[in-house]
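>>> Kindly return the folded structure for what I paste below:
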Amino acid sequence: MNEKMRVAIGSLRGATEEDLLFAKQLGVEGIVLNTPPFRGEASFGSGALGGTYWVPEGAGGSASRWDTFELVQERRRIEDYGLRLEALENVPIWFYDKAMLGLPGRDEQIENYRETIRAVGRAGIPILGYHWMPTRVWRTSKTTEIRGQARCSSFDLALVADAPPMFGREYSDDDMWANYRYFIEAVLPVAEEAGVRLALHPDDPPVPSLGGVARIFRNIEGVRRALEIGDSPNHTLDFCMGTWSESGVDAMMTALREFGERGKIDFIHFRNIKGTVPKFRECFLDEGDVDLVAVLRELVRVKFDGFLIDDHVPRMVNDSVWGHRSRAYATGYIAGLIRAVTETEL
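Numbering: from 1, shown residues only. The predicted structure follows:
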């Protein structure tokens with residue numbers, strides 16, 4: 001299939017009919033689901049517009065892995081609206097938290113993760129995203145005021161620098177690297193067999209440690225090492241532009257250039273920020289530190305043929321919980337930039 005750089009809709013746990021129509025109205029081609037609550041977590045879930053989406057019953061699924069039946073049904077339901085399911089972004093964290101921390105029970109979790117990968121492959125879904133943050137993404141505020149009294153998230157390391165260990169002990173870089181190697185060497189061969197690409201998200205925020213757990217994918221050296229340990233065409237990146245930029249625009253552009261040239265970027269979280277660690281905030285696309293045109297020109301240069309999604313959008317006046325107004329603005333902005341830059345560069 002001859003692909004082209006394109007924009008998709010993301011940050012959806014599940015897509016209602018209204019969500020899919022919204023995507024069609026915006027003119028995008030694809031949908032990305034983020035930690036969708038398939039069977040085992042709930043029979044029904046809440047979509048972006050507050051409606052319910054169906055989680056298939058009788059599929060033999062569990063709260064510890066996904067199965068083929070439910071994935072096929074979700075993919076076909078999205079295709080019925082003339083869209084495609086581009087990727088699944090992350091399994092629920094309890095699917096592999098023991099694997100990340102090297103705790104008893106990790107082997108069972110890893111075997112379930114391997115079965116999830118097989119199910120994703122059988123369902124014809126090409127990408128499964130993952131991260132290595134048992135302490136998750138951290139923000140110290142979700143109500144920071146920005147342009148026009150919109151609200152956004154922000155981070156100030158000084159407020160959490162003394163946070164106690166979340167799991168009863170400190171986990172060093174060496175601990176997390178040992179656990180990561182054990183995991184990726186077990187699951188990557190299955191991804192290769194299943195035809196699924198595993199896309200790694202960097203640590204957000206990119207600081208040495210939070211909650212007593214080292215963040216080993218906080219810089220380009222860490223991501224390089226991950227791709228060396230898991231050296232495979234099926235091991236790629238979810239390139240979070242905002243997270244990389246939290247270490248500085250130059251660091252982000254260096255990583256974009258290197259991994260783009262290597263063909264390692266599957267998709268991009270296209271967002272902008274103001275500031276860098278130890279203190280930064282989210283913002284509208286057009287007011288951040290990153291030169292978005294320069295980013296897209298670099299993507300054209302390396303012949304990037306994946307998709308871009310918005311991410312961590314500000315909350316605008318009278319917006320929905322999911323952020324329809326802000327996401328419509330961001331998606332239209334991205335689509336316009338892609339068209340302008342690609343037509344100019346070509």
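>>> Could you use CA atoms for every contact and neighbour count after this?
Noted.
>>> mind listing the strands for the stretch 1-150 of the chain?
6-12, 30-34, 44-46, 52-54, 84-89, 127-130, 141-145 (DSSP state E, counting those that start in this stretch).
>>> Okay, now the sheet partners of the fifth one, with direction.
For strand 84-89, the paired strands and their directions (DSSP bridges) are strand 30-34 (parallel), strand 127-130 (parallel).
>>> Tell me which residues are up against the first one.
Read it as strand 30-34. With contacts defined as CA atoms under 8 Å, 6 or more residues apart in numbering, strand 30-34 is touched by 7-15, 23, 78, 83-91.
>>> Over to stretch 326-337?
Residues contacting stretch 326-337 (CA under 8 Å, 6+ apart): 6-9, 26, 284-285, 293, 296, 308-310, 313-316, 319.
>>> ditto for stretch 153-161
138-144, 210, 277-282, 312, 314.
>>> Check stretch 285-303 too.
245, 249, 253, 256-257, 260-261, 263, 271-275, 330, 333, 337-338, 341-342, 345.
>>> how far does that stretch sit from the chain's center?
19 Å (CA atoms, centre = their mean, to the nearest Å).
>>> Mind exporting the C-alpha coordinates of that stretch to PDB?
C-alpha atoms of stretch 285-303 as PDB (Å, rounded to 0.1, in the frame of the first residue of the first chain):
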ATOM      1  CA  LEU A 285      -0.300  24.500  18.500                       C
ATOM      2  CA  ASP A 286       0.400  28.000  17.200                       C
ATOM      3  CA  GLU A 287       1.900  29.500  20.400                       C
ATOM      4  CA  GLY A 288       4.500  27.000  21.500                       C
ATOM      5  CA  ASP A 289       8.300  26.900  21.200                       C
ATOM      6  CA  VAL A 290       8.300  24.400  18.300                       C
ATOM      7  CA  ASP A 291       8.500  25.600  14.700                       C
ATOM      8  CA  LEU A 292       5.800  23.300  13.300                       C
ATOM      9  CA  VAL A 293       6.600  24.100   9.700                       C
ATOM     10  CA  ALA A 294      10.200  23.000  10.300                       C
ATOM     11  CA  VAL A 295       9.000  19.800  11.700                       C
ATOM     12  CA  LEU A 296       6.800  19.000   8.700                       C
ATOM     13  CA  ARG A 297       9.500  19.900   6.300                       C
ATOM     14  CA  GLU A 298      11.800  17.400   8.100                       C
ATOM     15  CA  LEU A 299       9.100  14.800   7.800                       C
ATOM     16  CA  VAL A 300       8.800  15.400   4.100                       C
ATOM     17  CA  ARG A 301      12.600  15.200   3.700                       C
ATOM     18  CA  VAL A 302      12.700  11.800   5.400                       C
ATOM     19  CA  LYS A 303       9.700  10.600   3.400                       C
END
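>>> model confidence over it, on average?
The pLDDT scores in stretch 285-303 average 97.
>>> No further queries at this time; thank you.
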